[in-house]
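A.B. asks: Kindly generate the corresponding structure for this input.
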Amino acid sequence: MDDAKLIAAWIAAAVAIAGTCLTVISQFVFRFMDNRAKRRHEFMSARRDALLKALEVLDHCYSNMSFDKKPPTNPHTWDLSESHAAMNGMIVFCANPQKAVDTFTDALGLRDGDTFNPMERLHAFRCVVCDELGLPRTNYDDPNITWIGQLAGTSKEAK
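C.D. replies: Predicted coordinates:
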């Protein structure tokens with residue numbers, strides 16, 4: 001009878017130890033998965049910020065350019081370091097930095113001079129932004145690129 005009690009005690013102890021080990025291991029696994037998800041979120045946030053900064057740079061450039069024989073919608077000076085920050089962020093955080101930076105510089109018109117089509121290039125860059133962020137591609141195309149500069153209350157309000 002004493003042997004049966006001893007065996008039962010050993011089984012109970014083994015089950016308790018196994019349960020404790022399983023709990024500790026699962027805590028480590030869940031903590032690792034949680035930290036990995038946090039790092040992924042921070043990484044994607046930095047990627048999003050860099051890509052949105054690049055879109056802001058395009059807005060600065062396009063606001064200073066003439067389109068369809070119309071004057072620039074909002075000529076202004078802006079800090080060139082914004083373009084460096086956008087480019088560096090894309091190089092560091094994008095899954096395909098070469099494509100992102102190449103499409104960005106194409107959208108700026110730095111590669112093809114006279115054949116530059118800003119709306120086509122902007123659309124291409126927006127598609128890259130969507131791809132990088134895991135979003136569906138945009139399907140927005142507006143040939144009247146200057147409408148936003150004619151909004152009521154802007155410094156270049158239509159007269």
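A.B. asks: Residue 50 - how many residues pack around it?
C.D. replies: 23 (other CB atoms under 10 Å). Every C-beta, even on glycine, is put in place using the N, C-alpha and C of the backbone.
A.B. asks: Which helix or which strand is home to it?
C.D. replies: Per DSSP states H and E, residue 50 falls inside helix 2-63.
A.B. asks: And that helix, what does it pack against?
C.D. replies: helix 81-93, helix 97-107, helix 118-133 (3 or more CB pairs under 8 Å, 6 or more residues apart in numbering; DSSP states H and E).
A.B. asks: Of all the residues in the first one, which ones are buried?
C.D. replies: Right, the one you point to is helix 81-93. Buried residues in helix 81-93, defined by neighbour count with 16 or more other CB atoms under 10 Å: 83, 85-87, 89-90, 93.
A.B. asks: Which strands or helices does it pack on?
C.D. replies: Counting by 3+ CB pairs under 8 Å, 6+ apart, helix 81-93 packs on helix 2-63, helix 97-107.
A.B. asks: what angle do the worst-scoring helix or strand of the chain on mean pLDDT and helix 81-93 make?
C.D. replies: Across the helices and strands of the chain, mean confidence by mean pLDDT, DSSP states H and E is lowest for helix 2-63: a mean of 89. Relative orientation of helix 2-63 and helix 81-93, computed by axes from the mean of the first three to the mean of the last three CA atoms, to 10 degrees: 150 degrees.
A.B. asks: tell me the angle helix 2-63 makes with helix 118-133.
C.D. replies: If you take the same axes, to 10 degrees, helix 2-63 sits at 170 degrees to helix 118-133.
A.B. asks: Helix 2-63 versus helix 97-107: what angle between them?
C.D. replies: Using the same axes, to 10 degrees: helix 2-63 against helix 97-107 is 20 degrees.
A.B. asks: Number of residues surrounding residue 131?
C.D. replies: Residue 131 has 17 nearby residues by other CB under 10 Å.
A.B. asks: now it, nearest residue through space, not along the chain?
C.D. replies: residue 137 (7.1 Å; CB to CB, 6 or more residues apart in numbering).
A.B. asks: show me the contacts for the spatially closest residue to residue 58 that is not a sequence neighbour.
C.D. replies: Leaving aside its sequence neighbours, residue 58 sits nearest to residue 107 (CB to CB, 6+ apart; 5.6 Å). Residue 107 sits next to 58, 118, 121-122, 124-125 when contact means CB atoms under 8 Å, 6 or more residues apart in numbering.
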